[in-house]
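>>> Predicted model, plus sequence, below.
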Amino acid sequence: MFKEHAVKLAIAPIAWTNDDMPELGGANTFEQCISEMALAGYQGSEVGNKYPRDPVELRQALDLRGLEIASAWFSAYLTNRPYEDTAQKFIPHRDFLHAMGAKVIVVSEQGRSIQGEMTTPLFTHKPVFTDAEWTLLAEGLGKLGRLAGDIGMKVVYHHHMGTGVQTAEEIGRLMEMTDPDEVALLFDTGHLAFSGEDPAKVLKAHLSRIEHVHLKDIRKEQVEQVKREGLSFLQAVKAGAFTTPGDGCINFDPIFSTLAASGYSGWFVVEAEQDPAIANPLEYAIKARRYIKERCGL
């Protein structure tokens with residue numbers, strides 16, 4: 001389905017150890033995480049909170065297991081703090097990823113975000129940006145995009161539950177307000193479905209802007225529980241709202257076929273925030289790897 005060597009398959013370490021809730025997988029080591037990724041048949045990883053930040057040390061550990069770094073999350077605060085505050089942190093992050101051979105930088109705006117708040121209801125308290133905040137976001141992302149472009153990298157924007165860029169409408173507005181040469185889009189199946197959007201429809205609408213893909217599934221019953229009980233994003237994770245591709249309710253066939261027909265090249269990153277004490281990370285990594293092999297041949 002996909003051109004040979006055009007797409008690489010990675011998995012995020014958040015299934016082993018959660019950045020937002022360190023108690024989830026707290027005992028799982030960095031070495032266990034990357035060893036099990038390799039054992040499950042993946043080619044790469046994104047960066048988690050237990051990964052060494054020295055490129056030499058990290059590369060040595062990854063090389064032993066045949067892994068690469070696909071990217072890493074970066075929190076921007078362009079809507080509620082001076083641009084310089086974000087840029088000052090972005091540059092060393094950019095340089096670290098560049099040293100690791102990554103081509104894209106995952107950026108998500110965290111101004112007024114509720115994704116890290118344990119008790120704030122996800123669906124009723126989501127931030128809605130003002131026109132002024134939209135302008136700050138678009139202009140700031142453009143500047144970060146130019147900083148990335150200075151060394152041959154690209155900013156890929158991560159729409160996310162509990163933030164000001166979550167819905168299809170908000171994603172569309174951001175894409176309209178930003179330059180394709182400066183800001184690309186990270187397409188995340190799970191966050192779109194969780195938000196009530198049709199991932200396949202959003203994919204087709206912004207296909208030319210997508211340069212990084214997160215493959216994540218959702219469990220419909222748990223998502224309905226989140227809405228019904230007014231749970232937060234972190235409570236949703238603990239409740240098992242997310243899972244790996246093929247284990248939930250998303251139909252990935254039209255997504256894979258659309259991406260293949262478009263000639264997509266880059267990373268597919270399996271990502272599913274779950275409690276590793278309940279959902280064994282290696283078991284779910286293997287499940288996802290088999291599913292992707294069956295559905296699109298990768």
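All right, it came through fine.

>>> those strands in the stretch 1-150 of the chain, which residues are they?
Assigned by DSSP state E, counting those that start in this stretch, the strands in the stretch 1-150 of the chain fall at 7-11, 44-46, 68-71, 73-76, 104-109.

>>> Switch those over to a markdown table; also include mean neighbour count.
For every residue, glycine as well, the C-beta is placed using N, CA and C. Formatted as a markdown table, these follow (neighbours: other CB atoms under 10 Å):
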| stretch | mean neighbour count |
| --- | --- |
| strand 7-11 | 23 |
| strand 44-46 | 23 |
| strand 68-71 | 24 |
| strand 73-76 | 20 |
| strand 104-109 | 24 |
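
>>> Look at stretch 213-226 and report the distance between its end residues.
As for stretch 213-226, its first-to-last residue distance stands at 25 Å under the measure CA to CA, to the nearest Å.

>>> ditto for stretch 72-91
Between where stretch 72-91 begins and where it ends, there is a gap of 13 Å, by CA to CA.

>>> quick one on the thing from earlier: can you check which of the strands of the stretch 1-150 of the chain gets nearest to Gly240?
Of all the strands of the stretch 1-150 of the chain, it is strand 7-11 that lies closest to Gly240, at 18.2 Å by CB to CB.

>>> Can you list the neighbours in contact with that closest one?
Around strand 7-11, the neighbours that count as contacts under CB atoms under 8 Å, 6 or more residues apart in numbering are 37, 40-46, 68, 70, 264-271, 285, 288-289, 292, 298.

>>> Repeat that for stretch 47-67.
12-14, 16-17, 19, 22, 29-31, 33-35, 37-38, 42-45, 68-69, 71-73, 96-97, 99-100.

>>> tilt between the helix ranked longest in the chain and strand 104-109?
Determined from DSSP state H, the single longest helix within the chain is helix 131-149. Between the axes of helix 131-149 and strand 104-109, defined by axes from the mean of the first three to the mean of the last three CA atoms, to 10 degrees, the angle is 160 degrees.

>>> Mean confidence (pLDDT) on helix 131-149, please.
The average of the pLDDT scores along helix 131-149 is 99.

>>> Just checking: what are the partner strands of the very next helix or strand once past it?
Following helix 131-149 in sequence order, the next helix or strand is strand 154-158 (DSSP states H and E). When pairs are called by DSSP bridges, strand 154-158 turns out to pair with strand 104-109 (parallel), strand 183-188 (parallel).

>>> Dump those into CSV; add mean pLDDT as well.
As requested, those are arranged in CSV below (pLDDT from 0 to 100):
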stretch, mean pLDDT
strand 104-109, 98
strand 183-188, 99
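
>>> still on that earlier bit, just the buried subset of the contacts of strand 7-11, written out for PyMOL, thanks.
Buried members of those can be picked out in PyMOL with the line below, counting by 16 or more other CB atoms under 10 Å:
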select buried, resi 37+40+42+43+44+45+46+68+70+264+266+267+268+269+270+271+285+288+289+292+298
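
>>> Please narrow the contacts of strand 7-11 to those residing in helices.
Applying DSSP H to these, the entries found in helices are Met37, Ala285, Ala288, Arg289, Ile292.

>>> And those, which is closest to Asp188?
Ala288 (14.8 Å).

>>> For that closest one, give me the pLDDT.
The predicted structure lists Ala288 with a pLDDT of 98.

>>> Spatially nearest residue to it, not counting backbone neighbours?
Thr244 (3.8 Å; CB to CB, 6 or more residues apart in numbering).

>>> returning to what we had before: between all of the ones in helices among the contacts of strand 7-11, which two are at the greatest distance?
The two members of those with the most space between them (CB to CB) are Met37 and Ile292, at 14.0 Å.

>>> and the residue nearest the centre of the chain, what does it touch?
With the centre of the chain defined as its mean C-alpha position, the nearest residue by CA atoms, centre = their mean is His214, 5.2 Å away. Taking CB under 8 Å, 6+ apart as the contact definition, His214 lies against Ala12, His158, Leu186, Phe187, Asp188, Thr189, Gly190, His191, Val269, Glu271.
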